[in-house]
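S.K.: here you go, sequence then predicted model.
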Amino acid sequence: MTAGDWTTLLILAIIWSGSFLCYRILAPALAPETTVFLRLLIATLALLPFLGARARMLSGRSAWMSFAAMGALNNVIPFMLIAWAETRISAGLAAIINATTPMLGVIIAAAAREEPLRLNRAAGAFCGLAGVAVLLFPDIRAGLHGSATAQVAVLAASLSYAVAGVYGRRYSAAGIDPLAATFGQLCGAAALSSLLVLRTPSDLAALAHLSASGWAALAFLALPATSFAYVLYFSLLARAGATNALLVTLLVPVSAVVLAALLLGERLNATNVAGMAVILAGLLLIDGRVFAALARPLKLTTMQRLRRASAERRNTSQASRVET
C-alpha cells in the first residue's frame, strides 16, 4: 500500500475505535436495534446533499439488490451483534475480538478466489483464531453464559465484515464511485434495520430521555463513523484490496482499549491482553511487512556470504590455473 493508503487506514482506525465506546455509552439507554436504525438513518440522510451526479450509478433493480446485501453484511448484522454484545462485555474486549476480521477475510477471499492464500496469510489466520480461543477459553470452561455468548456474537460480526469486504470489491470493478456505493449500502441497511424497529416501536420512546452524552455518541456513530468512514473505506477497498483494507482492525483494538481505559475506566485482564497479543501477531503475519523488514538484514548477510564464498572459489580456481 502507498503512504496515502496507510494514512487512510490510520484515520479509519481512530474513527472506528470510537464507535465501540459509543455503543457502550448507549447500551444502558437504547435498545440495540434502535441504536443501529438511528445510526444508519442519520448517516444516509447526511450523504444526500453530496450525492449529485453520482445518483445515476444507483439505478437498476440488480444494483439495489446488491446494495441491500452489502448493507446487511457490512452494517445491519455486525452493528446489531456488536451493539447487543456491548451490553454484556467491555468496549475494549469487543474491539479485540473484532480484530479477527482480516484473518477471516483471508480465508473467505481465498475460498472466493479473489486473493491467493499465501503461507504467511494462512499462518496469520491460524494465529488469529488461536488468539480468539485464548479469549474465549476461560468463559467457555466456566459455562456458556452471557459474556461468552457476547464474545461469540462479536466473532460472528467479524465474519460478516469479512464477507462484506470480499463482496464489496465488485463495486470498484463495476466502476461505482465510493460515495455512491456508501449511499446505496446505507439506504439498503437503513431499510432493513427499520423492520427491526417496527417490531418494537415503543423502544423509540427512550429517545426522549437520552442524555447529551448519548446524543453525542449517536451523532458520532452516524456521521464520522458511518457516512465519512465508509466513503474512505470503499476508496481504500478499491485501491488496496479486501485483505489490506481489513487491516484497519490491526489498529482499532489498541486505540479502542486506550480510549476505553481513559474515558470509561475499563481495564483488561491478563487473558484479554494475551489474546490481543496473539491476534496482533496474526495480523502482522498476514501483512508480512514487519517480518520481511526483520528478515532483510539476515537475507543480505546470507547473500554476502554466498558472494564471498563464490569469489573465494573463483580466486582458488584462477590460482590453480596459474600454477598449472
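M.R.: That came in fine, so what should we check first?

S.K.: pretty sure residue 39 is touching residue 220, no?
M.R.: No: with contact defined as Cβ atoms under 8 Å, residue 39 and residue 220 do not form a contacting pair (9.5 Å). All C-beta atoms are positioned from the backbone trio N, CA, C, and that covers glycine.

S.K.: those two: which has the busier surroundings?
M.R.: Using other Cβ atoms under 10 Å, the more surrounded residue of residue 39 and residue 220 is residue 39, with 31 against 18.

S.K.: which element is that one on?
M.R.: If you go by DSSP states H and E, residue 39 is part of helix 32-51.

S.K.: buried ones in that helix, by neighbour count?
M.R.: Neighbour counts over helix 32-51 (16 or more other Cβ atoms under 10 Å) mark 32-44, 46-47, 51 as buried.

S.K.: where along the stretch 51-200 of the chain do the helices fall?
M.R.: 61-71, 77-85, 91-98, 101-111, 119-141, 146-167, 169-173, 178-199 (DSSP state H, counting those that start in this stretch).

S.K.: out of those helices, which one sits most buried?
M.R.: helix 91-98 (a mean of 28; mean count of other Cβ atoms under 10 Å).

S.K.: who touches that one?
M.R.: 17, 20-21, 23-24, 82, 85-86, 132, 135, 150-151, 154-155, 157-158, 161, 249, 252-253, 256-257, 259-261, 264, 266, 268, 272, 275-276, 279 (Cβ atoms under 8 Å, 6 or more residues apart in numbering).

S.K.: how does it look with 6 Å?
M.R.: Residues outside helix 91-98 that contact it (Cβ atoms under 6 Å, 6 or more residues apart in numbering) are 20-21, 24, 82, 85-86, 151, 154-155, 158, 249, 252-253, 256-257, 260, 266, 268, 272, 276.

S.K.: also stretch 265-283?
M.R.: The contact list for stretch 265-283, computed with Cβ under 6 Å, 6+ apart, reads 90, 92-93, 96, 99, 102-103, 124, 127-128, 130-131, 134-135, 138, 250, 253, 260.

S.K.: quick one: low-confidence ranges for the stretch 201-324 of the chain?
M.R.: Scanning the stretch 201-324 of the chain for pLDDT under 70 picks out the ranges 242-243, 246, 249-250, 289-291, 293-306, 309-312, 315-324.

S.K.: let's go with 90 and repeat that
M.R.: Scanning the stretch 201-324 of the chain for pLDDT under 90 picks out 201-205, 229-324.

S.K.: check the stretch 1-150 of the chain too.
M.R.: Looking along the stretch 1-150 of the chain with the criterion set at pLDDT under 90, you get 1-10, 13-14, 16-17, 48-66, 89-107, 109-149.

S.K.: ok, 70 please
M.R.: 53, 57, 139-146.

S.K.: run through the residues that contact residue 185.
M.R.: 67, 70, 71.

S.K.: swap that for residue 254, sorry
M.R.: By Cβ under 6 Å, 6+ apart, residue 254 has no neighbours at all.

S.K.: which element, helix or strand, includes it?
M.R.: Secondary structure assigned from DSSP H and E places residue 254 in helix 248-259.

S.K.: and that helix, how far out from the chain middle?
M.R.: Distance of helix 248-259 from the chain centroid (Cα atoms, centre = their mean, to the nearest Å) equals 10 Å.

S.K.: in that helix, what counts as buried?
M.R.: For helix 248-259, a neighbour-count test (16+ other Cβ under 10 Å) marks 248, 249, 250, 251, 252, 253, 254, 255, 256, 257, 259 as buried.

S.K.: and of those, the nearest to residue 56?
M.R.: Comparing those against residue 56 with Cβ to Cβ places residue 248 closest, at 29.9 Å.

S.K.: wait, the closest one sits on residue 15?
M.R.: No: counting by Cβ atoms under 6 Å, residue 248 does not reach residue 15; the two are 9.5 Å apart.

S.K.: surely residue 68 touches residue 188?
M.R.: Yes: taking contacts as Cβ under 6 Å, residue 68 lies within contact range of residue 188: 3.6 Å.

S.K.: need the overlap of contacts for these two.
M.R.: With Cβ under 6 Å, 6+ apart, residue 68 and residue 188 have no common neighbours.

S.K.: and the gap between residue 217 and residue 13?
M.R.: 19 Å (Cβ to Cβ, to the nearest Å).

S.K.: more neighbours, these two?
M.R.: Taking other Cβ under 10 Å, residue 217 and residue 13 do not tie; residue 217 has more neighbours (26 against 20).

S.K.: report the contact partners of residue 222.
M.R.: 39, 42, 43.

S.K.: ignore the last one, residue 87
M.R.: So residue 87 contacts residue 27 (Cβ under 6 Å, 6+ apart).

S.K.: can you do 8 Å?
M.R.: Counting by Cβ under 8 Å, 6+ apart, residue 87 has contacts 27, 28, 32, 150.

S.K.: about what we covered before: out of the helices of the stretch 51-200 of the chain, which comes closest to residue 308?
M.R.: Comparing the helices of the stretch 51-200 of the chain by Cβ to Cβ, helix 119-141 comes nearest, at 29.8 Å.
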